[in-house]
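S.K.: let's see this in three dimensions:
(6 chains)
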Protein chains: 4
Amino acid sequence: MIEPRAAMPRRGRPRSERRRQAILEAAYALLCEHGLGGTSMDAVADRAGVSKATIYRWWSSKELLALETLYESWDAERDAASATGETTLEDELLALVLPWVRMVADSASTRILLGILTKAKDDPGFADAYRERFINPRRERSREVLRRAIERGDVAAGVDVEVATDLLWGPLYHRLLHGHARCDEQFARRSVALAITGIRVRAPGAPRRDGR
Amino acid sequence: MIEPRAAMPRRGRPRSERRRQAILEAAYALLCEHGLGGTSMDAVADRAGVSKATIYRWWSSKELLALETLYESWDAERDAASATGETTLEDELLALVLPWVRMVADSASTRILLGILTKAKDDPGFADAYRERFINPRRERSREVLRRAIERGDVAAGVDVEVATDLLWGPLYHRLLHGHARCDEQFARRSVALAITGIRVRAPGAPRRDGR
Amino acid sequence: MIEPRAAMPRRGRPRSERRRQAILEAAYALLCEHGLGGTSMDAVADRAGVSKATIYRWWSSKELLALETLYESWDAERDAASATGETTLEDELLALVLPWVRMVADSASTRILLGILTKAKDDPGFADAYRERFINPRRERSREVLRRAIERGDVAAGVDVEVATDLLWGPLYHRLLHGHARCDEQFARRSVALAITGIRVRAPGAPRRDGR
Amino acid sequence: MIEPRAAMPRRGRPRSERRRQAILEAAYALLCEHGLGGTSMDAVADRAGVSKATIYRWWSSKELLALETLYESWDAERDAASATGETTLEDELLALVLPWVRMVADSASTRILLGILTKAKDDPGFADAYRERFINPRRERSREVLRRAIERGDVAAGVDVEVATDLLWGPLYHRLLHGHARCDEQFARRSVALAITGIRVRAPGAPRRDGR
DNA sequence: GTGTAATCGAGACGGTACGTCGAGTCTTGTG
DNA sequence: CACAAGACTCGACGTACCGTCTCGATTACAC
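M.R.: Have a look, this model is predicted:
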């Protein structure tokens, strides 16, 4: 899916890896600074020192380029998050969430994300590609964590894993995309804690859950 | 803020309300169908039977037009949500959330929202205008509900109202914008319930809440 | 043709002569400075302190306004030229031509003239109006002078008065419109002298005029 | 001056000569029919089957395009006029003038010329370009003819060649631009004859013009 | 080494929309 | 009625960008 060319029969001049990098870097920088709409392919080509045709040979649209650009820049996070071995549910979820929060916090990639989301609304195929690469992996790991928690009995069997996953990621994306408040590590900790504990302390009229 | 002209000294030909309506309706229809990027001002002018200059006289950008378009179409929901008088926290929160969910569910306004969000990332002033009209009112009502719940003792005093508000709205916006699953009434009920109850049933090692 | 309204039945508020003057003066100034194409009716209205509708009430197009503007500014010349009583053909023709040359020399009205000429090519009615006011009066006086000269025997009976008239005015308009050289009093004198005398000194084969 | 690009290092896709021709032809047809003001670049692009950007890439303004359009269409005349070898002054001048008259008579290029003249009044650089291509070549040949005639003694040494040239071309342009009468071959013959002979046959009261 | 088949740079091109401007008309209220 | 203010239509403007195409000039593997 990433490679638009079959790699088997090596004939002719091979693709220049140097240029691939130059394009991705140029695109990333421009996209962060001006957003998808504010970045022109001509500008990318210029900054990368590359002809426009070379870009289009490998990425069939600006959005696809942005997608891969973002993907590359998020690579580091995936590795960082792979270190597991936590014991409590909260720590496990934080181990998933915190690396992502740190990453989005100090990159200007939100505007790229928004552009991609917009394109995804118009193009179902693109939407699938996006979710396959960016959303599902993280959701899948959330699901696993939750399933194990259910098996352990930490989480009630009736809890819908999908809904719980949205409860985990939703608040983070919300702040990131709407920008009404910072989406930082502190917020992530509080949000995860609240999602686990729940907003209500006790049922109305009933004695408090924690026995106080 | 909504009125770009001072209304005091009535001089010259007054603005045509008929055209204002025609523009907003045409824009809304086209925006729902093709999204912000896929809607041209020429098309809006055409469909509204109005000249392009007339649109630009009153809305300085396509995004501003989209903003007002969406605002008008969300008017009904604000009134529907005003019927309060619920007793439990869950019912109160659902009374806030369900009208919104019903509205976004059967309108194609998500793509408009996305366009607006994108513009908001590029233009802080626009972002403020957007949040002032769309986000803050709903958040404020969530805050009030939560504050009253804290006073009643239904919610622990230590709960951060802002975070709780994100826990309420975040999952809904998440599904709406990412489209990985439907954002319908059923999801809203489950999400709200889970946000209130919390994901975890019992503290690790403690006996299960349901006594099993 | 100049008055778009019948002046007979005096009803309602009378036309403001003060505004008529203001419009003509504003238009003339702007037309001289920026030409027909570079002058907008809004600008004229602004400078004249008058509403655009007031202009259109009295002049149905920009070109018609320009025409009258030019007409007014050429009024003085017509009076200056009326002083006749010359004896020689050359003096008579110069009496026609020189006032015109002096006028066009120190006004920037050439660009107005060009705009009018352009409009005249597109609109035969306008062309007639233009020629009726600007060209024919001068031509008619040229014709009279020439006819009298023919009667006196100063000019051969076979000379075509129309062609002679073009020979008189053509070189002047040529320089004025093409601007390859100055159209000033000196040129007018030489041009008229040459038109009268003719380019050739002697018929080919005949003995030279100076006897050499 | 005609070539806006250096032709030396052939890099990138070469300019399409087919399109250049299509544009010039489309422009010429539209300009003849509707004049400069009545011809839009969109219309030219449409008729030529070419994008508007392609036109602007090579001609920075409509007027410049009109200039080249007219230049191309007047090419044939320049060649036709090159056949010289006349003996009398009148024949020599007619050899210069008649091809031009025939050309302007059966083409509708007058309105293009007027548009160009108007632009020339606003833009001295454009004026130079126009005169360099259209006026000077013909004037220069007139000058040569006259200079030779002076050397031969057919024309008095005191005759100002510039003025004589205006006397030759002025009447023709006058009729062409003002349209008060046809500018045809017959007029050209009469005008040239009269310019050579002069309007006056004899001085008033004197027996013969050349006998004074 | 020499085809051969690809990549690459440069830049022309079609198409679509942009936001602006100007001519001329129309609609109010005021004098 | 004349007029001021200014909203409105229509149509063209010149620009910008996307994505395609057409050249010639490079590579690098395969023969």
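
S.K.: is stretch A:18-31 anywhere near DNA strand E?
M.R.: Yes: applying C-beta under 7 Å from any atom of the strand, one finds stretch A:18-31 touching DNA strand E at A:R19. Every C-beta, even on glycine, is put in place using the N, C-alpha and C of the backbone.

S.K.: contact partners for the closest residue to A:K52 other than its chain neighbours?
M.R.: Among residues not flanking A:K52 along the chain, A:A45 sits closest, at 4.4 Å (C-beta to C-beta, 6 or more residues apart in numbering or on different chains). Contacts of A:A45 were listed using C-beta atoms under 8 Å, 6 or more residues apart in numbering or on different chains, and they are A:S51, A:K52, A:T54, A:I55.

S.K.: kindly give a single PyMOL line that selects the buried subset of those.
M.R.: Selection of buried members from the contacts of A:A45 for PyMOL, criterion 16 or more other C-beta atoms under 10 Å in any protein chain shown:
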select buried, chain A and resi 54+55
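
S.K.: send the alpha carbons of the helix or strand hosting A:L168 over as CSV?
M.R.: Element membership for A:L168, per DSSP states H and E: helix A:161-178. Provided in CSV are the C-alpha atoms of helix A:161-178 (Å, rounded to 0.1, in the frame of the first residue of the first chain):
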residue,chain,number,x,y,z
VAL,A,161,-14.8,-2.4,24.6
GLU,A,162,-15.4,-0.1,21.7
VAL,A,163,-17.2,2.5,23.7
ALA,A,164,-14.5,2.3,26.4
THR,A,165,-11.9,2.8,23.7
ASP,A,166,-13.7,5.9,22.5
LEU,A,167,-13.8,7.1,26.1
LEU,A,168,-10.1,6.7,26.3
TRP,A,169,-9.1,8.4,23.0
GLY,A,170,-12.0,10.7,22.5
PRO,A,171,-11.2,13.4,25.0
LEU,A,172,-7.6,13.5,23.8
TYR,A,173,-8.5,14.0,20.1
HIS,A,174,-11.2,16.4,21.2
ARG,A,175,-8.7,18.8,22.8
LEU,A,176,-6.2,18.3,20.0
LEU,A,177,-8.6,19.1,17.2
HIS,A,178,-10.8,21.8,18.9
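
S.K.: I'd like the next helix or strand past it.
M.R.: helix A:185-197.

S.K.: the most centrally placed residue in chain A in helix, strand or coil?
M.R.: Most central in chain A under C-alpha atoms, centre = their mean is A:F134, positioned 4.5 Å from the mean C-alpha point. What DSSP: H, G, I helix; E, B strand; the rest coil gives for A:F134 is helix.

S.K.: got a pLDDT number for it?
M.R.: pLDDT for A:F134: 91.

S.K.: ditto for the one 4 residues further on
M.R.: A:R138 is assigned a predicted lDDT (pLDDT) of 92.

S.K.: which strand or helix spans it?
M.R.: Going by DSSP H and E, A:R138 is in helix A:136-152.

S.K.: any residue of that helix touching chain B?
M.R.: Yes: Helix A:136-152 reaches chain B (C-beta under 8 Å from any C-beta of the partner chain) through A:N136, A:R139, A:L146, A:A149.

S.K.: are any of these buried, and which?
M.R.: Buried among the residues of helix A:136-152 next to chain B by 16+ other C-beta under 10 Å: A:R139, A:L146, A:A149.

S.K.: in chain A, what residue is nearest chain D?
M.R.: Proximity of chain A to chain D (C-beta to the nearest C-beta) peaks at A:S51, 9.6 Å away.

S.K.: picking that back up, of all the buried ones among the residues of helix A:136-152 next to chain B, which comes closest to chain C?
M.R.: After measuring these against chain C - C-beta to the nearest C-beta - the closest member comes out as A:R139, at 59.7 Å.
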